[in-house]
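Peer 1: no FASTA, just this:
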Ligand SMILES: [Zn+2]
């Protein structure tokens, strides 16, 4: 019997925007399973056997062992090298924001159907193993949500998560290289200019490729999630059509988090217990005015779109 088809919820963002915390949070609800940045499951998971969010190397984790048994007859039932190489194209699409929406859609649909079939088998198998109706994928490649939204045989929703680019750039540029590498981000961008351009390209690509998806997409600002996690969680439950209750997770300004089987993401994914939500606003005081101006100049048109001020104190 085929596994039931879950709703796939993407947390789409540019990185350094609170997505690790958010995906772990929604993964606490009964029937919701967060798997982290699933795009890395082939390279970091099957090939390199890096640690799952539960702390066990992926190939020894009982959860992933069952997922691959169920979906593919075992870890060796699917060619991980070929999958990793095939999705490599996807990494290059971060800059697709420079193209029009038609071009993005065309490129998305041109992705080999067989590769998407493997992905969909994986989603179904994750849902069946976790007894979940909702699978949360925080893969950071902006075309992936559009590809999955275009599939008639799958129900998908997207939270487009945005953070003030000055905060994102500050956090990224000052991350220790090993922490950035551990977070699957590779080397931090070589310059402020590069980091700001990355933010811009990612959000333009997301905006354009998700245009027309209507009520299947919502925008959420990191700052709003941090200010009122309960309200943000309520909106996300509404997007999915679920009656999941934020009060199950939120306790004042803190979140009750247990371990999840995330394949890849920020090292914070290993923290458990009551985690206090704090907005990282250090950039406001510590970022040089010239750097703020540069980021503002590069990201200006999209800043207004997401409701961020052009001038900062
Ligand atoms: Zn695990």
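Peer 2: Thanks, I have the structure now. Predicted model only: the values in this text are computed from it and were never measured. Numbering: from 1, shown residues only.
Peer 1: Which residues of the stretch 201-313 of the chain lie near the ion?
Peer 2: Counting by CB under 5 Å from the ion, the stretch 201-313 of the chain comes close to the ion at residue 261. No exception for glycine: its C-beta is placed from N, CA and C like everyone else's.
Peer 1: Extract the residue ranges of the stretch 201-313 of the chain that are flagged as low pLDDT.
Peer 2: 263-272, 313 (pLDDT under 70).
Peer 1: Tell me which residue of it lies closest to the ion.
Peer 2: Among the residues of the stretch 201-313 of the chain, residue 261 lies nearest to the ion; the distance is 3.7 Å by CB to the ion.
Peer 1: so what's the backbone phi/psi at that residue?
Peer 2: phi -100, psi 60 (degrees, to the nearest 10).
Peer 1: who's in contact with it?
Peer 2: 33, 35, 52-54, 61, 63-64, 130 (CB atoms under 8 Å, 6 or more residues apart in numbering).
Peer 1: and for the strand ranked longest in the chain, what are the contacting residues?
Peer 2: Longest strand of the chain, by residue count under DSSP state E: strand 155-162. Residues outside strand 155-162 that contact it (CB under 8 Å, 6+ apart) are 5-13, 17-19, 22, 145, 148-149, 203, 206-207, 210, 213, 216-222, 225, 236, 239-240, 306.
Peer 1: quick revisit: and which of the contacts of residue 261 is nearest residue 248?
Peer 2: residue 33 (15.3 Å; CB to CB).
Peer 1: Now do the closest one against the ion, distance only.
Peer 2: Note on residue 33: its distance to the ion, by CB to the ion, to the nearest Å, is 11 Å.
Peer 1: what about that residue, helix or strand, and which?
Peer 2: Using DSSP states H and E, residue 33 sits in strand 32-34.
Peer 1: what's the next helix or strand along the chain from that strand packed up against?
Peer 2: Moving toward the C-terminus from strand 32-34, the next helix or strand (DSSP H and E) is helix 62-72. In terms of contacts (3 or more CB pairs under 8 Å, 6 or more residues apart in numbering; DSSP states H and E), helix 62-72 is packed against helix 113-130.
Peer 1: Now do the helix it packs on and strand 155-162, the angle between them.
Peer 2: 90 degrees (axes from the mean of the first three to the mean of the last three CA atoms, to 10 degrees).
Peer 1: in helix 113-130, what's buried?
Peer 2: By 16 or more other CB atoms under 10 Å, the buried positions in helix 113-130 come out as 115-116, 118-130.
Peer 1: quick one on the thing from earlier: mind checking how far the strand holding residue 33 is from the chain centre?
Peer 2: 13 Å (CA atoms, centre = their mean, to the nearest Å).
Peer 1: what secondary structure does the nearest residue to residue 160 once chain neighbours are set aside sit in?
Peer 2: Spatial nearest neighbour of residue 160, excluding adjacent residues (CB to CB, 6 or more residues apart in numbering): residue 219 at 4.8 Å. Secondary structure for residue 219, judged by DSSP: H, G, I helix; E, B strand; the rest coil, is strand.
Peer 1: Nothing else from me, thank you.
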